[in-house]
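>>> here you go, sequence then predicted model.
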Amino acid sequence: MPKIAKPPMSEGMINFLANPERFTRVTRPLRSWLAGLAALLLVWGLYLCFASPEDYQQGDTVRIMYVHVPAAWLGLAIYGAMGLSSFFGLIFRHALADAAAKALAPIGAVFTALALATGSLWGMPMWGTPWQWDGRMTSELVLLLFYIGYIALHASIEDEVRAAKSTAILAMVGLVNLPIVHFSVQWWNSLHQGGSIFVKGGPTVGAEMLWPLFVMVGAYHALTLWLFLIRLDSEILARKYRALRARLSFN
Amino acid sequence: MDFGHLDFDMGKYGLFVWGSYGVSFLALGGLVVVSLLVQARRRKVLEALQAAADSQ
């Protein structure tokens, strides 16, 4: 008797969670845990942000880094997840892929806008200017425009299948910008400083400043995951009531 | 760690530091509130539609 090959575990899990009902049931208990974790980490992180010493050069503006860096990292990471999800939706027709990408877009857009805003607020006293058209800042702005474009395109197309396809292509085109944002400080001369955390030889930032940064990174990640589950559940609800409304009007 | 070294003016950078935390709080707080409100509203609409479908 021929043996049927089992799908790899990760593929099995992706297929298992493709059912919206099952996804909601499995992730519901996670939501309250994530909300609690995010609140706890935020309180701890904010305490560390203001309890840590000021920088000998930047003075108290170093505290801006604790909200700027996590926002910038998440702006990039969320776009990566959005692109991956769009790829799954476009190629494998995963039932939840478009909903997941759509749920992620506003979260990523807010983090990217925050990275730009807090970066400008840091730049004013430290660089003497809130903005410069250099590689990092311009590519970060392009990232925000991709987010806004994605949200606007999804909202402008009524047919769900067509909207999913068009936005997935846009999201995947935008992936090209991610390495540009990341490596821009190495490729071009920039006012923006280079990496100082994940560098060869270890971080060049003191431990008393790494702790608040890492705790805030953890807090922002937990908040993102919680927001993602809330928004995805919301999207599943919207799709259910649209289907039900269509059925009712058909009857 | 203590807050003894900390002054509310943040040296002379109070506007920039508090501005950064303020804008982060408003944007993320707004996102949380909007996400929860939209979810609650959609759940209510779905329940109403479900009730209408069940009564048919």
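Alright, I've got the coordinates.

>>> contacts and neighbour counts: CA atoms only from here.
Noted.

>>> the helices in the chain, which residues?
Since you didn't name a chain, this refers to chain A. Assigned by DSSP state H, the helices in chain A fall at A:9-16, A:20-51, A:62-92, A:97-127, A:135-156, A:160-174, A:177-187, A:207-250.

>>> that answer is for a different chain, and I need it for chain B
B:14-55.

>>> nearest residue to the residue in chain A that chain B sits nearest to in space, please, no chain neighbours.
The nearest approach of chain A to chain B comes at A:S234, 4.6 Å away (Cα to the nearest Cα). Leaving aside its chain neighbours, A:S234 sits nearest to B:Q39 (4.6 Å; criterion: Cα to Cα, 6 or more residues apart in numbering or on different chains).

>>> and that neighbour, what does it touch?
A:I230, A:R231, A:D233, A:S234, A:L237 (Cα atoms under 8 Å, 6 or more residues apart in numbering or on different chains).

>>> picking that back up, in TSV: the helices of chain A, plus distance to A:I197, mean pLDDT and mean neighbour count.
Converted to TSV, the helices of chain A look like this (distance: least, Cα to Cα, whole Å; pLDDT from 0 to 100; neighbours: other Cα atoms under 10 Å in any protein chain shown):
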stretch	distance to A:I197	mean pLDDT	mean neighbour count
helix A:9-16	30	57	11
helix A:20-51	17	91	16
helix A:62-92	10	95	22
helix A:97-127	17	96	23
helix A:135-156	17	97	19
helix A:160-174	26	95	18
helix A:177-187	13	93	17
helix A:207-250	8	91	19
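
>>> A:G195 is nearest to which of the ones you listed?
Minimum separation from A:G195 across the helices of chain A (Cα to Cα) falls at helix A:177-187, 8.0 Å.

>>> list the contacts of the closest one.
With Cα under 8 Å, 6+ apart, helix A:177-187 has contacts from A:L76, A:G80, A:G135, A:R136, A:S139, A:E140, A:V142, A:L143, A:H192, A:Q193, A:G194.

>>> quick check: phi and psi on the closest residue to the second one other than its chain neighbours?
I take that to be A:G80. Once flanking residues are discounted, A:G80 sits nearest to A:L175: 6.7 Å by Cα to Cα, 6+ apart. With angles defined as degrees, to the nearest 10, A:L175 sits at phi -60, psi -30.

>>> isn't A:L175 right next to A:Y79, touching?
Yes. Taking Cα atoms under 8 Å as the definition, A:L175 is a contact partner of A:Y79 at 7.4 Å.

>>> OK, now which residue of chain B is nearest to chain A?
B:Q39 (4.6 Å).

>>> for that residue, give its distance to B:A27.
18 Å (Cα to Cα, to the nearest Å).

>>> hmm, A:P130 is touching A:G123, no?
Yes. Using Cα under 8 Å, A:P130 is in contact with A:G123, at 4.9 Å.

>>> overlap in contacts, those two.
Counting by Cα under 8 Å, 6+ apart, A:P130 and A:G123 have no shared contacts at all.

>>> what residue is smack in the middle of chain B?
B:G29 (1.7 Å; Cα atoms, centre = their mean).

>>> if I look at that residue, how far off is A:K200?
From B:G29 across to A:K200, the span is 36 Å (Cα to Cα).

>>> do B:S35 as well
40 Å.

>>> repeat for A:R28
For A:R28, the distance to A:K200 equals 41 Å [Cα to Cα].

>>> again, but for B:A52
For B:A52 relative to A:K200 (Cα to Cα), the value is 63 Å.

>>> which of those two has more neighbours?
Comparing B:A52 with A:K200 by other Cα atoms under 10 Å in any protein chain shown, the one with more neighbours is B:A52, at 13 against 9.

>>> make JSON lines from the helices of chain A and add distance to B:L15 to it.
Formatted as JSON lines, the helices of chain A follow (distance: least, Cα to Cα, whole Å):
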{"stretch": "helix A:9-16", "distance to B:L15": "47"}
{"stretch": "helix A:20-51", "distance to B:L15": "15"}
{"stretch": "helix A:62-92", "distance to B:L15": "11"}
{"stretch": "helix A:97-127", "distance to B:L15": "9"}
{"stretch": "helix A:135-156", "distance to B:L15": "22"}
{"stretch": "helix A:160-174", "distance to B:L15": "34"}
{"stretch": "helix A:177-187", "distance to B:L15": "27"}
{"stretch": "helix A:207-250", "distance to B:L15": "21"}
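
>>> for B:Q56, find the nearest of the ones you listed.
helix A:207-250 (8.9 Å).

>>> got the angle for the closest one vs helix A:62-92?
With axes from the mean of the first three to the mean of the last three Cα atoms, to 10 degrees applied, the angle from helix A:207-250 to helix A:62-92 works out at 40 degrees.
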